[in-house]
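In: Just to be clear, the model below is a prediction. Sequence and coordinates:
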Amino acid sequence: MSMNSTPLLEVDRLTLQVGRTGAIVVNDVSLSLAPGEVLGVVGESGSGKTLLARAVIGLEPPAIRRAAGTIRFEGHDIATMPPKALRALRGNRIGMVFQEPMTSLNPSLTIGRQLEEGLILHRDGDAPARKAAIREMLRRIGIQDPEAALAAYPHQFSGGMRQRIMLASVMLLKPALLIADEPTTALDAVVQREVLELMLELTRDHGTAVLMISHDLSMVARYSDRVAVMCRGDLVEQNTTAELLRRPQQPYTQKLLNAMPHRTPARTLPMDETPIVAVRGLTVDYAGHGGLMQRQAPKRALHGIDIEVRPREVVAVVGGSGSGKTTLGRAIVGLVKPSGGEILFAGRPIARSDEGWRHYRLNCQMVFQDPYASLDPRMTIGQLVGEALRQVPGLGPADKVRRIAEGLEEVGLERKYIDRYPHELSGGQRQRVAIARAVVRRPSFVIADEPVSALDVTVRAQVLALFVELQQRHGFSCLFISHDLGVVEQVADRVVVMRDGRIIEQGDRDTVFDHPREAYTRTLLSAIPALEPESGGGVRLKWRFENDARTSGRG
Amino acid sequence: MLRFAFNRILMALPTLLIVAVSVFILIRLIPGDPATLMLGDQATPANLADLRARLGLDRSLPTQFLLWAGHVLRGDFGQSITSGQAVLPLIFERFWVSAKIVLSAAFLASLVAVPAGMIAAWRQNSWVDLVLVGGATLLLSIPAFWMGLLLLLFFGLKLGWLPVVGYVSFSDDVVKALLYMVLPVLTLFLHEIGVILRMSRASTLEVLRLDFITHARAKGLSEMAVLWRHAFKPAFGPTWTLLGLVLGNLLGGIAVVETVFTIPGLGRLLVDSIFARDYPVIQGCLMFIAFIYVLVNLIVDLCYPLFDPRVTAE
Amino acid sequence: MTRPSLNAIFGVTLIGLLLAVAIAGSFWTPFDPLGINFPARLGAPGPLHWLGTDEFGRDVLSRLMKGAATSVRICVLTVCFALVAGTIVGIFTGFVRGWSDRIIMAFVNALLAFPGILLALALLTVVGANEYGIVLALGFAYTPSVARVVRGTVLSLREKEYIEAARVMGNSELFIMARHILPNCIASLIVLGTSMFGWVLLAESALSFLGLGVPPPAPTWGNMLASGRPYMVQAVWLGLFPGLCIALTLLGINLLGDVLRDKFDPRMRGL
């Protein structure tokens, strides 16, 4: 892509602030975008990247005020443009794709009407011509029966399909600039890649420039010509993608690169002991929704799962959404009732009536995905961690307080947090509390269900490191459930790949990552990069199994 | 869609059954013997026994219930103790009077309050919003009977513009009938504006926060088009459900307004019957209002997919 | 942020005023609220009788104060009754599920098929029109609404991760109910209780207005309006002040309710 052509978009020393408080949310940011170029903007939450994107199309929230700077699109300043002229640009010359496919299409209008709307507004053609253009576009994004899709409502499509329809709706008008705000964050890794590639294909065909906003550096790096890094409102660094990765100039960029998951050396564990958890032929059915007269057939979530976790071992369960990995974890920890098969904990059955029940209940703990939902908002941090010690026999109040303080210290939280409430803590701190709560009783087995996927990139790296450290120090076994293979590569001893409620592949980590047998595993792996260190302190991203990934993915 | 409708209708049936049982039990719980009451002071033991037999009061409670339910199913609610009239025609006659007032008030109120609520939400925290919400909260806080009294005092007595109390049927004199309806309808109208406006505003606010509204704006649509084409349908759903509840509550609470304006409606019939201990009429009124309430909410639910097609997906 | 706090100040002031008047009214009033004084009948507001006198020459201000005491007592008792009964039913059905839940909820839903005031009317014919009859009738009439809200809250809380976390820690269901579910229901109960105070006040005055509430000569705002109605042309104050009291109280409750809702429970907005 030529850097010399006249810029399509030019942001010059833009500063945005919150009108009421005067807090600066975007600080003196300048960047430009040439026609057809793909620019990625990377940052964590609170970096101002989304507000920047919204400002480009003049849709920043009413509370945000532009304090200084200009945004020029094709030579005209967006901010001083009369509303009518701005509306003539929106949709027509500048398109925007949103993050949440579930809420970004209107649930009460048919797909056909929503797609047609932009054409009616900005193009001259008659109704049959519009319909033809829409059908053509729907076919292009991979919808088998465009005619039926026109009359359908958004809720009749999967998340990935909706995001494709969203793309179709925007690309129908062949805009000169596409703003994509976290366009695939809400999707499965496999679907994510398909949608992104469709997006780039469509924009390339129409010569559309892309401003891609994301928290995911590796994803942005894969598809952008240039990358800009934002942190707390500042644009800290921008460069061509390869150069930025190879020779990051700023400490924050280096921090981001270091936060990318990397493989740790394989461990050798004694394999002859009795497994902590042994699952045999486990099936789980979810009851169907019952009406008054008819009852839907139950849906089988797990089809006869066999799995073993040995002492000190970290077993990762990976798979897309709907693969049953979360159900497996919930069944082992006792939140879902299995409909068949058996679960043995330390060699003993775990039913409430069994003598092994108490040992199991005290020694099998869980860390949940969402640190905002897994801590009771009405309890202090001390009470939350203390609750885990309630069942420990012979623990006096003084001992308890000491154990709580120790537990918090272990996860890097000072004593002063004991009396605080969850809402006073950041997401990373909350997840530390959740980890402290799970391990304070020294369990022999911990299930971690996506423990870091709700966290920001740099925080994620820290919490992950903490978790690994605690695992090694206390030696608990772990079932690590994740959709993110990058994280798994860093922590797991053994990997289990699930799909549609069945285990399709398992083995030690290096074997599964380097020589996967199944096509589906290769597809999953193709979504994450392998990092190769470079001399300039940076890295080079290497993408695995690029070629055979596309053929086996599902929509 | 058909299955959704079928399911929804089926769900209303047990509700009606339980309502019937409750009404029956309630009336049986009232202290005092209906037969004694009906015959008054001149009752002889023989007369009483005879009447009890005729009313079925000498049988077991379940039998009485089945007998009564059987009659109700055939549309026979018995006779009024005080006037001897058949209950159901009496109820229908009075219901028609009340329904005219309630429906016109609810219709007019939603016509004004739904768009006003949307505008308030659209201009959240501006002076328009402030005035609209403030006004709505004020109206909401004025009890209907006091509002009625004030309007009556002002328009009827001080200004003399409108007839004060009473009711004229449409078949007698259309103009007069309309004039007599103005004040009662205005009373309920002003009261319901408050409720509906606040609901409409709240649900519009919820919808305006969603991504698809920003998406609509990003398409280049004008604010009018965004509000009307994209926000209206999803935001109207909750308001529509509320309307069903409002209608039911209006019907239940209309007695006070009918008392203020001396209108012979269903509410007044119920209250008068309670004073007169006219059990068949009380029973009939309660059953009838509950039935109408269930029916209205059923219709509301059946129309809901028009605003949100997702509900039929289940 | 200025708007809600302004609303809060106004709402709290109104409710505070009401409570002060109600408490004062139960111990002391300027005149005997029941003291008939025919020579002074239908007297306009003046230095002696600040808000005038009624058709029996009774002091309106004293009667309003006494009425406030009665109304507040009825409202507080009724709201407590409905909250306690509704919470028990709601938590039970929300947690137990199964057949008992279904049957109880069928009854609750059927009761909800009556508009609240209608159910109260019907119940009043059974329990008789007096202060405690009203408490019982209205309390029972509003219990289903509380039960439904509490049950909904419990059902949504049950699915929360922190409840699952508590379960994984080995706590009993009873402990979880007491330690996690109940405290997290409190917010919705406060919001609901506030609005219900308004509903009950409105229903109570409406019933009294119809002559089905607290029987005269004991004053309530509702029966004062009803008995003053025939004299409204000569004595506007008889129709004005009791209504104004009801309206201002309801306004205070509505304002306070909005503030509490925004603070505690954004989901219930617009209920």
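Out: Thanks, I have the structure now.

In: Number of residues surrounding residue 205?
Out: Using chain A. Counted with other Cβ atoms under 10 Å in any protein chain shown, residues neighbouring residue A:205 total 11. C-beta here means a position set from N, CA and C on the backbone, and glycine is covered the same way.

In: switch to chain C, that's the one I care about
Out: For residue C:205, the neighbour count with other Cβ under 10 Å is 31.

In: Centre-most residue in chain A?
Out: Nearest to the geometric centre of chain A sits residue A:185, at 5.2 Å (Cα atoms, centre = their mean).

In: I'd like the distance from that residue to residue A:100, if you could.
Out: Distance, residue A:185 to residue A:100, by Cβ to Cβ, to the nearest Å: 9 Å.

In: Report whether residue A:542 is found in a strand, as I expect.
Out: Yes. Under DSSP: H, G, I helix; E, B strand; the rest coil, residue A:542 falls within a strand.

In: elements contacting the longest helix along chain C?
Out: The longest helix of chain C (DSSP state H) is helix C:60-96. Contact partners of helix C:60-96 among helices and strands, from 3 or more Cβ pairs under 8 Å, 6 or more residues apart in numbering or on different chains; DSSP states H and E: helix C:2-27, helix C:98-112, helix C:131-158, helix C:182-210, helix C:221-228, helix C:236-264.

In: so that helix versus helix C:2-27, what angle?
Out: Interaxial angle, helix C:60-96 versus helix C:2-27 (axes from the mean of the first three to the mean of the last three Cα atoms, to 10 degrees): 110 degrees.

In: Please point out which parts of helix C:60-96 sit buried.
Out: Under the neighbour-count criterion of 16 or more other Cβ atoms under 10 Å in any protein chain shown, helix C:60-96 has C:60-72, C:74-79, C:81-83, C:85-87, C:89-95 buried.

In: and if you look at stretch C:176-186?
Out: Of all the residues in stretch C:176-186, those buried under the rule 16+ other Cβ under 10 Å are C:176, C:177, C:179, C:180, C:181, C:182, C:184, C:185.

In: who's in contact with the residue nearest in space to the middle of chain C?
Out: Centroid-nearest residue in chain C: residue C:197, 2.3 Å away (criterion: Cα atoms, centre = their mean). Taking Cβ atoms under 8 Å, 6 or more residues apart in numbering or on different chains as the contact definition, residue C:197 lies against C:75, C:76, C:79, C:253.

In: again, only using 7 Å
Out: C:75, C:79, C:253 (Cβ atoms under 7 Å, 6 or more residues apart in numbering or on different chains).

In: All the helices of the stretch 51-200 of chain B, residue numbers only.
Out: Taking DSSP state H, counting those that start in this stretch, the helices of the stretch 51-200 of chain B run over residues B:61-73, B:87-122, B:127-141, B:144-151, B:174-208.

In: and residue A:194, which of the ones you listed is closest to it?
Out: helix B:174-208 (30.4 Å; Cβ to Cβ).

In: so what does that closest one touch, helix or strand wise?
Out: Here helix B:174-208 touches helix B:87-122, helix B:127-141, helix B:144-151, helix B:232-260, going by 3 or more Cβ pairs under 7 Å, 6 or more residues apart in numbering or on different chains; DSSP states H and E.

In: So for chain A, which of the ones you listed sits nearest?
Out: For chain A, the closest of these is helix B:232-260, at 4.1 Å, according to Cβ to the nearest Cβ.

In: Now do the helix or strand just after the closest one and helix B:87-122, the angle between them.
Out: Sequence order places helix B:266-276 as the next helix or strand after helix B:232-260, per DSSP states H and E. Using the same axes, to 10 degrees, the inter-axis angle of helix B:266-276 relative to helix B:87-122 is 130 degrees.

In: Off-centre distance for the helix or strand following helix B:266-276?
Out: The helix or strand immediately downstream of helix B:266-276 is helix B:279-303, counting by DSSP H and E. On the basis of Cα atoms, centre = their mean, to the nearest Å, helix B:279-303 sits 9 Å off its chain's mean C-alpha point.

In: and stretch A:114-134, how far apart are its ends?
Out: Terminal residues of stretch A:114-134 are spaced 11 Å apart (Cα to Cα, to the nearest Å).

In: Tell me the buried residues in it?
Out: Residues A:114, A:115, A:116, A:117, A:118, A:119, A:121, A:122, A:130, A:131, A:133, A:134 are the ones in stretch A:114-134 that count as buried (16+ other Cβ under 10 Å).

In: ok, the fourth one to residue A:396 distance?
Out: Pointing back at residue A:117 there. Taking Cβ to Cβ, one finds residue A:117 at 68 Å from residue A:396.

In: The first one now?
Out: As defined by Cβ to Cβ, residue A:114 lies at a distance of 64 Å from residue A:396.

In: Strands of the stretch 1-150 of chain A, residue ranges please.
Out: Secondary structure of the stretch 1-150 of chain A by DSSP state E, counting those that start in this stretch: the strands cover A:9-18, A:24-33, A:38-42, A:64-73, A:76-77, A:94-97.

In: Now do the same contact list for residue A:345.
Out: Applying Cβ under 7 Å, 6+ apart, the residues near residue A:345 are A:277, A:356, A:360, A:364.

In: Now the two most distant members of those.
Out: Applying Cβ to Cβ across the contacts of residue A:345, the maximum distance is between A:277 and A:356, 11.9 Å.

In: So if I had to pick from those two, which one is more boxed in?
Out: Neighbour count, other Cβ under 10 Å: between residue A:277 and residue A:356, residue A:277 has more, with 25 against 16.

In: Could you report the pLDDT at the closest residue to residue A:520 other than its chain neighbours?
Out: Closest residue in space to residue A:520, ignoring its immediate chain neighbours: residue A:499 at 5.6 Å, by Cβ to Cβ, 6 or more residues apart in numbering or on different chains. pLDDT recorded at residue A:499 is 92.

In: what ranges of chain A fall below the confidence cut-off?
Out: For chain A, the stretches with pLDDT under 70 are A:1-5, A:288-297, A:546-555.

In: same thing but at 80, please
Out: A:1-6, A:101-102, A:185-190, A:270-273, A:287-298, A:351-355, A:393, A:531-538, A:545-555 (pLDDT under 80).

In: quick revisit: save the contacts of residue C:197 as TSV, and put in distance to residue C:41 and pLDDT too.
Out: Shown next, in TSV, are the contacts of residue C:197 (distance: Cβ to Cβ, whole Å; pLDDT from 0 to 100):
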residue	distance to residue C:41	pLDDT
C:75	31	92
C:79	37	94
C:253	34	90
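
In: With chain B as the reference, measure out to residue A:202.
Out: 17 Å (Cβ to the nearest Cβ, to the nearest Å).

In: Please, which helix or strand holds that residue?
Out: helix A:189-206.

In: Next secondary structure element downstream of that helix?
Out: strand A:209-214.

In: tell me what that following strand is packed against?
Out: Identification of packing neighbours for strand A:209-214 by 3+ Cβ pairs under 7 Å, 6+ apart yields strand A:38-42, helix A:49-56, strand A:177-181, helix A:217-223.

In: Nearest approach to residue B:124 belongs to which of the ones you listed?
Out: helix A:49-56 (18.0 Å).

In: List the residues that contact residue B:188.
Out: Taking Cβ under 7 Å, 6+ apart, we find residue B:188 in contact with B:101, B:102, B:105, B:144, B:250, B:257.

In: export the residues you listed to a markdown table and tack on pLDDT and distance to chain A?
Out: Formatted as a markdown table, those follow (pLDDT from 0 to 100; distance: Cβ to the nearest Cβ, whole Å):
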| residue | pLDDT | distance to chain A |
| --- | --- | --- |
| B:101 | 91 | 33 |
| B:102 | 91 | 29 |
| B:105 | 93 | 28 |
| B:144 | 89 | 34 |
| B:250 | 82 | 28 |
| B:257 | 89 | 36 |
